[in-house]
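Participant: Give the three-dimensional model of this entry:
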Amino acid sequence: MSTQTTAPRAERVTHSLVRDVELPGGAGTLALLTLDNGLDHTKPTTLGPGGIAELTAALTALQARAARGEIAAVAVTGKPYFLAAGADLTQVATVRTRDEALELGRGGHAAYRLLGEMGVPTFAYINGLALGGGLEVALNCDYRTVATDAPALALPEVGLGLVPGWGGAYLVPRLVGIEKAMDVILTRPSANKPFKAKEAFEIGLADALFEAPDFLEHSIRWTADVVRGTTVVERRELDPAPVWDAVVAGARKQLDAVVHGSRPAPYRALDLLAAARTATKDEAFAAEDEALADLIMSDEMRASVYAFQLVSHGKRPAGAPDPKIARPVTSVGIVGAGLMAAQLALLFAQRLGVPVTMRDLDAERVEHGLAYVRTTVEKLVTTGRMSKDTGAKVLSSVHGTTDITEFSRCDFVIEAVTEVLGLKKKVFAELEGIIGPDTILATNTSALSVTEMAADLAHPERVVGLHFFNPVAQMPLVEVVRAEKTSDEALATAFAVSKALRKTAVGVADRPGFVVNRLLVLLLGKIVEAVENGTSVEVADRALRPLGLPMGPFALFDLVGPAVGLHVLTSLREDLGDRFPSSPGLEKLVAEGTKVVLPAPARGIPANVDPAIQAYFGTGEAGGPGALDEAGVLDEVLTALTTEIGHMLDEGVVQGPEQIDLCMILGAGWPFHDGGITPYLDRTGYSEKVLGRRLLPDGVANVPAQVA
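Facilitator: All right, here's what the predicted structure looks like:
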C-alpha cells in the first residue's frame, strides 16, 4: 500500500430491493426488502450515505403501505452470504467536519428506527455475515432469524475506535441483559471474536435458528406463525437497577485495569450502556449520535480504520514477485521436532494438505513432536473445530523420522532448530547434499542473518527466511526474508506458501531482527535500561500504558521468555550497536530462572511486575539521579523506537512505514487505535522531533490538520 494520499473511493451503494411475498396460512402479505450492492460475494455489502438514503426511502414507502393495510409484515434480508458488513468505513474516514459526522449518526437512526415503528411486525432474516450497522439493522427489527451458516454476528465498533451508533448500545442490553451486552459491545470487539450463528441464537440476539439450505422458506413460515399469533416470542424484563449498576461498575473497573484510559471508544460505549436502562429511545439515540460524532473526528478512529485497511488488504504484498513463478509444493520437510517444529508440521499438513516429514536426531524427540501433533488434532476434533475425517487425514500426512535422507523427496524444507547460527549453517550444509536441485530451503530464524546462513552453500539462491510467530496456529503474521542471493522463484514460493497457510506475509530485507523483533526487543531493552539506571520496576511497567498495549512490558517478557528476550537483545546489540542496551540485571534473572511477574489478579486482567525483581538491577534500589518517572520512561522508549524506524526505512528493511505497522499489529499485538506504531509517533510529535518529518502523510491515519 502506498503512502501517497488518494481520492476517496466512491460509495458502493447498497440498494433496497422490495418484493411482496404471500405468507402461508393466509397470514397476509410480507414486504421482503433485500439489501444488495449488486456485486458478487467478494465485495461485502456495506452501508454508506447513499445506501442509507435509499433504505430510508424504501422503509418510508413501506410504512405508508402498512398504514393502508396493504402489508401484514416487513422483513429485511441480504444478498447471498451477507446481511451487511456494517458502515462503509472508507466513507466514514473521509468525513471532514463534526456536523457531517453527526449527520451520519442521525441518518442511520432515522432509517433504522422505521423498522421499530413500522406499524406492522418487522423481521430480520440474518442470512449471512452481519457486522456493526449490519447487525443493527436486525436489532432494530421486532424479530430476528439467523441461518446456521452465518459466519459472524458482531458489533465490532469499539475495536475500530467507534461505538455501536445506530441503536446497538440501547437495544442489545434490552434483548440479552446488561451482562451479556458487555460481552457483545466491549469484550468481544477487543478480542476480535464475533458470534457464530448458534451462539447468537443462544444468548438472544436472534429468536430462531434455521438450517441454511431452506433458511428463507423457514423464516417466512415462522414469520407467518408470529403474525398469526401461533408463535409467541417472550422478551426478558429489564435487569433491576442494582444489577445493571453493579455490572457497569465492574466493567469500568476492568476497563481501567486493561485500557488505562488509552483510548476513548470503550469508555463512551460503557457510558451509553450505563444510561440505556433509564433513557428513552430518543435520548439514547441522540447520545449515540453525539458519541459517534466525537469519535469519528478522533485520531484514534482514523488510525483504527487505517489499521483495519492494512490487515484486510487483499492485493499482492509489497515487494512480492509475480506469484506465477512460485514453485509447486507437494511435500514438506521440517528439520527439528521441538514445539515450534511440531506446530509448523501441523499447520503445513492442515493448510497445504501435503505430506509432511518431521526429522530430529533421536526417536524420543521425534515421538515428542508427533505426540504434540496427535494431541492437538484430538483436541480440535473433540471440541468440534475439526472434523474426524480431516483429523484423520492430517495425522496420516505427518511422518516422523531420524533419517535425514528422507528429505530427498521434499520440494520445500524449513528448519526450526535452536537459534544458533553455526547449527543452522550445519543443518543447511547437510541438507544441500540430499535435497533435489529445485528444493526450496527456508529458515524460521527470528533474528539471525539468512544471508550468512546460506553463505557457504553451493546454491544460496534457494534459501529464504520464513519467520513464524508463536503460537503458530493463532499468530497471523509471517515475515518473508529475502537474503542477499535469494532468487525471485524462492521468494515467490515463500509468499505462495504463506498465502496457502492463510497467513499475512510481509516482505522484509535480511537485516537484524527484521521488523517485529527489532522494535519489540528494543522497547523491552529500553525498559530494563531505565530500571538499571534507578527507575522503579513498577514505574517502568506502567510507563507504556498510554500506548494501550495488550500487556505491560514485563508480562511480555514473561510471555516470550526472559532467556529468549535476552538472547535476541544481545544478538541485536552485537549487530546494531549500543542503541540496544545491555542489562546485567536481566542476565541475572535469566541465570537464576526468576519469574518476573506476579500471578494475574483476575481473568482478563494483565499480570503486573513483581517488585522483588528490583534487587537484580543496578544498585538493587529504585531512585537516584538516573531514575525516571513514567512520562520519562515513555519518552525514552518512543524516542528510541522512532530513531530505529528511521534507520529501518533508510536501510530498506521494508518498502514503507505501512509494512512496519502491519508487522507490529499482526506480530506484536500493537493496537488498532494506535494504527500500528507510525501513526502514533506522528500524532504525538515524535516523528518530526526525532526524524524531522512525518512518517505518513497528514490525513492517512489521523484527522487532517486543517480540519482537526
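Participant: who touches stretch 306-325?
Facilitator: Identification of contacts with stretch 306-325 by CB atoms under 8 Å, 6 or more residues apart in numbering yields 1, 89-90, 93, 160, 476, 480, 482, 488-489, 491-492, 495-496, 504-507, 654-656, 658-659, 661-662, 665-666, 672-676, 679, 700-701. For glycine as for every other residue, the C-beta is placed from the backbone atoms N, C-alpha and C.
Participant: Please disregard the earlier target; I meant stretch 281-292.
Facilitator: Contacts made with stretch 281-292 from outside it, assessed by CB under 8 Å, 6+ apart, are listed as 101-102, 104-106, 109, 113, 116, 162-167, 169-170, 268-269, 271-272, 275-276, 279.
Participant: got it, and stretch 691-705?
Facilitator: Outside stretch 691-705, the residues within contact range by CB under 8 Å, 6+ apart are 3-5, 96, 297-299, 302-303, 305-307, 642-643, 645-646, 649, 657-658, 675, 678-679, 681-683, 687-688, 708.
Participant: Just the buried residues of the contacts of stretch 306-325.
Facilitator: Burial by neighbour count, judged by 16 or more other CB atoms under 10 Å, picks out 1, 89-90, 93, 160, 480, 482, 489, 491-492, 495-496, 504-507, 654-656, 658-659, 661-662, 665-666, 672-676, 679, 700-701 from the contacts of stretch 306-325.
Participant: Restricted to strands, list those.
Facilitator: In strands, defined here by DSSP state E, the members of the buried ones among the contacts of stretch 306-325 are Val480, Arg482, Thr504, Ala505, Val506, Gly507.
Participant: correct me, but the first one touches Asn444?
Facilitator: No. Using CB atoms under 8 Å, Val480 is not in contact with Asn444; the gap is 11.6 Å.
Participant: so what sits against both of the two?
Facilitator: With contacts taken as CB under 8 Å, 6+ apart, the residues that reach both Val480 and Asn444 are Gly465, Leu466, His467.
Participant: And what about the second one, helix, strand or coil?
Facilitator: Spelled out, it's Leu466. Of the three states, Leu466 takes strand under DSSP: H, G, I helix; E, B strand; the rest coil.
Participant: partner residues bridging it?
Facilitator: Here Leu466 sits in beta bridges with Val480, as judged by DSSP bridges.
Participant: Report how many residues lie close to it.
Facilitator: Leu466 sits with 25 neighbouring residues when counted by other CB atoms under 10 Å.
Participant: OK, contacts around it?
Facilitator: Taking CB under 8 Å, 6+ apart as the criterion, Leu466 is in contact with Ile414, Ala442, Thr443, Asn444, Val478, Glu479, Val480, Val481, Ala494, Val497, Ser498.
Participant: on that earlier part again, which pair in the ones in strands among the buried ones among the contacts of stretch 306-325 spans the largest distance?
Facilitator: In those, two members sit farther apart than any others by CB to CB. They are Arg482 and Thr504, at 16.8 Å.
Participant: For stretch 122-130, what is the distance to the chain centroid?
Facilitator: Averaged C-alpha coordinates place stretch 122-130 at 25 Å from its chain's average position (CA atoms, centre = their mean, to the nearest Å).
Participant: Between the two ends of it, how far is it?
Facilitator: End-to-end distance for stretch 122-130, by CA to CA, to the nearest Å: 17 Å.
Participant: what are the phi and psi values for the closest residue to Leu441 other than its chain neighbours?
Facilitator: Distances taken as CB to CB, 6 or more residues apart in numbering put Val463 closest to Leu441, at 4.8 Å, once the chain neighbours are dropped. Torsion angles at Val463 (phi, psi; degrees, to the nearest 10) stand at phi -100, psi 130.
Participant: Report pLDDT for the closest residue to Pro164 other than its chain neighbours.
Facilitator: Nearest residue to Pro164, sequence neighbours excluded (CB to CB, 6+ apart): Leu155, at 4.6 Å. For Leu155, the model assigns a pLDDT of 97.
Participant: My guess is Leu155 contacts Leu135. True?
Facilitator: Yes. With contact defined as CB under 8 Å, Leu155 counts as touching Leu135 (6.0 Å).
Participant: Which neighbours do those two have in common?
Facilitator: Looking at what touches both Leu155 and Leu135 (by CB under 8 Å, 6+ apart), the common residues are Gly168.
Participant: give the contact list for Ala326.
Facilitator: With contacts defined as CB under 8 Å, 6+ apart, the neighbours of Ala326 are Glu489, Ala492, Thr493, Phe495, Ala496.
Participant: what about it, distance to Val427?
Facilitator: Distance, Ala326 to Val427, by CB to CB, to the nearest Å: 24 Å.
Participant: next one: Ala279
Facilitator: According to CB to CB, Ala279 and Val427 sit 65 Å apart.
Participant: For these two, work out which one has more neighbours and name it.
Facilitator: Just comparing Ala279 and Val427: by other CB under 10 Å the higher neighbour count belongs to Val427, 20 against 16.
Participant: element containing the more buried one?
Facilitator: Here Val427 is covered by helix 421-432, with elements defined by DSSP states H and E.
Participant: Buried ones in that helix, by neighbour count?
Facilitator: Lys424, Lys425, Val427, Phe428, Leu431, Glu432.
Participant: so the third one makes contact with Gly333?
Facilitator: No. At 11.1 Å, Val427 does not count as touching Gly333 under the criterion of CB under 8 Å.
Participant: end to end, how far does stretch 168-187 reach?
Facilitator: Across its full length, stretch 168-187 reaches 15 Å between end residues, using CA to CA.
Participant: May I have the least confident helix or strand in the chain by mean pLDDT exported as CSV, CA atoms only?
Facilitator: Ranked by mean pLDDT, DSSP states H and E, the weakest helix or strand in the chain is helix 89-92, scoring a mean of 83. C-alpha atoms of helix 89-92 as CSV (Å, rounded to 0.1, in the frame of the first residue of the first chain):
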residue,chain,number,x,y,z
LEU,A,89,-15.5,2.7,6.8
THR,A,90,-13.8,4.2,3.7
GLN,A,91,-16.6,6.8,3.6
VAL,A,92,-16.6,7.4,7.4
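Participant: Contacts only, for Glu22.
Facilitator: Taking CB under 8 Å, 6+ apart, we find Glu22 in contact with Gly28, Thr29, Leu30.
Participant: Please go through the protein and pick out the longest helix.
Facilitator: Counting residues, the longest helix in the chain under DSSP state H turns out to be helix 630-651.
Participant: For it, buried residues please.
Facilitator: Within helix 630-651, the residues that qualify as buried are 630, 633-634, 636-638, 640-642, 644-646, 648-649, counting by 16+ other CB under 10 Å.
Participant: Which member of the contacts of Leu466 is positioned nearest Thr594?
Facilitator: Minimum separation from Thr594 among the contacts of Leu466 (CB to CB) is found for Asn444, which lies at 28.3 Å.
Participant: and the closest one, how many residues sit next to it?
Facilitator: 23.
Participant: Quick check: the gap between it and Thr231.
Facilitator: The spacing between Asn444 and Thr231, counted by CB to CB, is 56 Å.
Participant: what do you get for Leu395?
Facilitator: With the distance defined as CB to CB, Leu395 ends up 46 Å from Thr231.
Participant: Please name the residues that touch the closest residue to Leu352 other than its chain neighbours.
Facilitator: Of all residues beyond its chain neighbours, the one nearest Leu352 is Ala500 (5.6 Å), with distances taken as CB to CB, 6+ apart. Applying CB under 8 Å, 6+ apart to Ala500 gives the contacts Val329, Arg351, Leu352.
Participant: Out of those, which comes closest to Ile185?
Facilitator: Lowest distance from Ile185 to the contacts of Ala500 (CB to CB) belongs to Arg351, with 33.0 Å.
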